[in-house]
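> coordinates for the following, if possible.
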Amino acid sequence: MNTNMIIEAIGYLGSALVLVSFLMASVVKLRIINSIGSIIFTIYAFIIHSYPTALMNLCLVLINIYYLIKMSNTAVEYDFIKLKKDDSIIRHFIECHKDDIQKCFPGNSIDFSTADTGYAVCHKGNPAGVLLGKLENNNLDIMLDYSTPEYRDFSIGKFLISKLPDEGIRSMTYRGSDTYHKAYLSKVGFKQKDGFYEKVF
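Here you go, the predicted model:
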């Protein structure tokens, strides 16, 4: 591979990352991936002496960094809501997000009719996440712990879990699919046991 091909590959990589970033549902992920792509494309533009292009991409990086810092310093306000069994709004929420739930938890049942305990987290009046499970001896056995893609940055989970001790919950267990869930479970304090995860307050 000659030098020109390497330089072109750098340009294509930067462009691809910028394009891929716009497919991200999470604004944070969008800005991070967009920044990486813009940095790579800035390097490419300097190499080929296209200084206006380099300047434009450098400005994009700075704009992304500004908003990432702003988002990290802005506390998102959530509302914690205890659900009633067979709540119609939550049934509708689950139906609307059924495909994404199945994608996030492959192999898990989406029949939550036996859940006797549930909580929702709302942002600006809209449901952003839901927790459903069975409560026995102050332990919540989780059937569903789901947040919409826009809020999948661990903040909902941390907020929700911080409220549960006040509800009399002393521990939680999760026995479902962890294919895409391991990082989240670890982040919010679950420990892996023999065939399940557990968090004790």
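
> the longest strand in the chain is where?
strand 126-136 (DSSP state E).

> list the contacts for the residue nearest to N108 when sequence neighbours are not counted?
Leaving aside its chain neighbours, N108 sits nearest to G176 (4.6 Å; criterion: Cβ to Cβ, 6 or more residues apart in numbering). In this view, the C-beta of every residue, glycine as well, is placed from N, C-alpha and C. Counting by Cβ atoms under 8 Å, 6 or more residues apart in numbering, G176 touches 105, 107-108, 142-143.

> could you do N57 as well?
N57 neighbours (Cβ under 8 Å, 6+ apart): 14, 38-39, 41-42, 45.

> kindly recompute the last result at 6 Å.
Contact analysis of N57 by Cβ atoms under 6 Å, 6 or more residues apart in numbering lists 38, 41-42.

> and N73, what pLDDT?
pLDDT, N73: 60.

> ok, the one 3 residues further on next?
On the pLDDT scale, V76 is placed at 70.

> quick one on the thing from earlier: so the residue nearest to N108, which of the three states?
Three-state call for G176 (DSSP: H, G, I helix; E, B strand; the rest coil): coil.

> and it, backbone torsions?
With angles defined as degrees, to the nearest 10, G176 sits at phi -90, psi -160.

> any idea how far it lies from S162?
22 Å (Cβ to Cβ, to the nearest Å).

> assumed L30 was part of a strand.
No. Using three-state DSSP, the assignment for L30 is helix, not a strand.

> what's the local residue count around it?
16 (other Cβ atoms under 10 Å).

> on that earlier part again, among the contacts of N57, name the ones in helices.
Judged by DSSP state H, these include 38, 41-42 as members of helices.

> most surrounded residue in the residues you listed?
With neighbours defined as other Cβ under 10 Å, the most crowded of the ones in helices among the contacts of N57 is F41; it has 27 neighbours.

> with adjacent residues omitted, what lies nearest to F159?
In space, and not counting its chain neighbours, F159 is closest to Y78: 4.9 Å by Cβ to Cβ, 6+ apart.

> correct me if wrong: that neighbour contacts K124.
No. Using Cβ atoms under 6 Å, Y78 makes no contact with K124, being 9.5 Å away.

> who has more neighbours out of the two?
Ranked by neighbour count (other Cβ under 10 Å), Y78 and K124 place Y78 first, with 20 against 9.

> just the ones in helices among the contacts of N57 now: which is nearest I10?
In terms of Cβ to Cβ, no member of the ones in helices among the contacts of N57 lies closer to I10 than F41, at 8.2 Å.

> which ones are touching that closest one?
Neighbouring residues of F41 by Cβ under 6 Å, 6+ apart: 14, 57.

> if you set the cut-off to 7 Å instead, what comes out?
11, 14-15, 18, 57 (Cβ atoms under 7 Å, 6 or more residues apart in numbering).

> equivalent analysis for L135, please.
L135 touches 116-117, counting by Cβ under 7 Å, 6+ apart.
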